[in-house]
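Colleague: Dropping a prediction and its sequence here:
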Amino acid sequence: MTILVTGGAGYIGAHVVRLLLEKGESVVVVDDLSTGQAGRIGNATLVELDVAGPQARETLAATLREHSVEAVIHFAARKQVGESVQRPAYYYQQNVNGFVNVVGAMEDAGVDRLVFSSSAATYGMPSVSVVEEKLHAEPINPYGETKLVGEWLGRAASRAWGLRFVALRYFNVAGAGWDDLGDPAVLNLVPMVLDRIARGESPRLFGDDYPTPDGTCVRDYIHVLDLAKAHIAALGYLGGDERPFDVFNVGTGEGSSVREVIDGLARVSGLTIDPVVEPRRAGDPPVLVGSPERINTVMGWRGEAGLDEILESAWSAWQAGPRRIDV
Ligand SMILES: NC(=O)c1ccc[n+]([C@@H]2O[C@H](COP(=O)([O-])OP(=O)(O)OC[C@H]3O[C@@H](n4cnc5c(N)ncnc54)[C@H](O)[C@@H]3O)[C@@H](O)[C@H]2O)c1
Ligand SMILES: O=c1ccn([C@@H]2O[C@H](COP(=O)(O)OP(=O)(O)O[C@H]3O[C@H](CO)[C@@H](O)[C@H](O)[C@H]3O)[C@@H](O)[C@H]2O)c(=O)[nH]1
């Protein structure tokens, strides 16, 4: 089977591409290489394209036909919450227009299986600590809005022309499945802590006065390789009969606080890590943990790695990279 992966040169996409290649599938990656790296996709075919650019729908449809693609996994998107608040039109242009082009091209080319990268950011500030998919989604930033709009388009296309659609709402992705596929951008807690240490600076902890057991925010950390396997499970699920539209959390149901993550990183690395406590970061919900029950029941998927395993893999990949830290 041939699968087209948009954003396949990025952090999560490259893990999925590698799993697919290991299974013997053919993979076509469509990526503008803005944050992705061509060296991460092995011998997959690369089509360099901005999926939100002019003529992208036509180019995507031609690519789907040329390679007889049967399924699409759509990762290509901008993902910085803070930047999305500053530049909402850019986020809608990139994430919404890009996805409109992908769905439109699939309709044009008659390709009907689609897995979409959604996000726990669709939930906004939930009133419960462990969220289920049936909870009303109410994002609090443009990034989360673009993901919710994507889910709506998937639902509408499934009703209109039979698109088989799965949206996966990722919780906090971390770690590395292979040492050469670590998270190269320093935009999330684990790489941000390591980045500060590599610069000889103290890591920052944004707020220790939240209504949580140790006062720091609680998140649901999912190993990027477990997350990648959820995409393989979703492709299998879409191959069945009459499963037009579905949304799943990809979390573990277990929360870890920022302090627990920092302490865990110190433990697995042997580093002494003393974070400086700074004021709360705007827009951070105190607790965001996803119930994995639906995806487990429907697809048999479950996250296997615990926090230490996630942190060990992140540390190992960091040390294999160009900014090794002396312990
Ligand atoms: N990393 C997380 O914690 C997280 C959490 C929830 C959801 N997501 C979603 O998962 C997806 C992948 O995230 P990631 O962490 O791998 O990010 P990433 O930045 O590493 O990967 C995104 C990839 O898409 C490409 N890309 C971006 N815009 C494009 C465009 N307009 N046209 C073509 N290619 C484009 C980039 O070059 C890159 O290769 C994104 O949709 C993101 O919103 C990520
Ligand atoms: O240097 C840092 C970086 C982060 N944090 C805290 O660590 C937690 C996790 O932050 P971060 O890694 O930035 O992730 P989130 O803000 O939880 O958002 C991530 O997880 C969401 C899903 O839960 C996705 O939608 C987002 O794209 C993804 O960035 C938050 O409480 C932050 O305040 C710190 O204390 N210090």
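Modeller: In hand now; what should we look at? Ligands and ions are numbered 1, 2, ... in the order given.
Colleague: which residues does the residue of the stretch 201-327 of the chain found nearest ligand 2 contact?
Modeller: Per C-beta to the nearest ligand atom, residue 217 is where the stretch 201-327 of the chain lies closest to ligand 2, at 3.1 Å. Every residue, glycine included, has its C-beta placed from N, CA and C. Shown in contact with residue 217 (C-beta atoms under 8 Å, 6 or more residues apart in numbering): 206-207, 210, 257-258, 284-288.
Colleague: and if you look at residue 100?
Modeller: Contacts of residue 100 by C-beta under 8 Å, 6+ apart are 57, 153.
Colleague: distance between the host helix or strand of it and the chain's centre?
Modeller: Assigned by DSSP states H and E, residue 100 belongs to helix 98-109. Relative to the centre of its chain, helix 98-109 is centred 21 Å away, using C-alpha atoms, centre = their mean, to the nearest Å.
Colleague: quick one, the next helix or strand after that helix and helix 98-109 angle?
Modeller: With elements assigned by DSSP H and E, the helix or strand that comes after helix 98-109 is strand 113-119. Orientation check (axes from the mean of the first three to the mean of the last three C-alpha atoms, to 10 degrees): strand 113-119 against helix 98-109 gives 170 degrees.
Colleague: contacts for strand 113-119?
Modeller: 7, 12, 70-75, 77, 79, 99, 102-103, 106, 143-144, 147-148, 150-151, 154, 163-170, 231, 234-235, 238-239, 247.
Colleague: Sort out for me which of those residues are in helices.
Modeller: Within the contacts of strand 113-119, membership in helices is found for 12, 99, 102-103, 106, 143-144, 147-148, 150-151, 154, 231, 234-235, 238, as judged by DSSP state H.
Colleague: Could I get the full set of helices for this structure?
Modeller: Going by DSSP H, the chain shows helices at 11-22, 56-66, 81-86, 88-91, 98-109, 142-161, 189-198, 224-238, 258-269, 293-299, 307-320.
Colleague: Skipping its backbone neighbours, what lies nearest residue 216 in space?
Modeller: residue 258 (3.9 Å; C-beta to C-beta, 6 or more residues apart in numbering).
Colleague: Next one, pLDDT for residue 127 please.
Modeller: You'll see residue 127 listed with a pLDDT of 88.
Colleague: One more: residue 270?
Modeller: 97.
Colleague: and what of residue 184?
Modeller: At residue 184, pLDDT is 84.
Colleague: Counting neighbours, what do you get for it?
Modeller: Residues near residue 184, counting by other C-beta atoms under 10 Å, number 17.
Colleague: Now do the contacts for residue 123.
Modeller: Contacts for residue 123 (C-beta under 8 Å, 6+ apart) come out as 131, 135, 137-139, 144, 169, 288.
Colleague: again, only using 6 Å
Modeller: By C-beta atoms under 6 Å, 6 or more residues apart in numbering, the contact list for residue 123 reads 131, 137.
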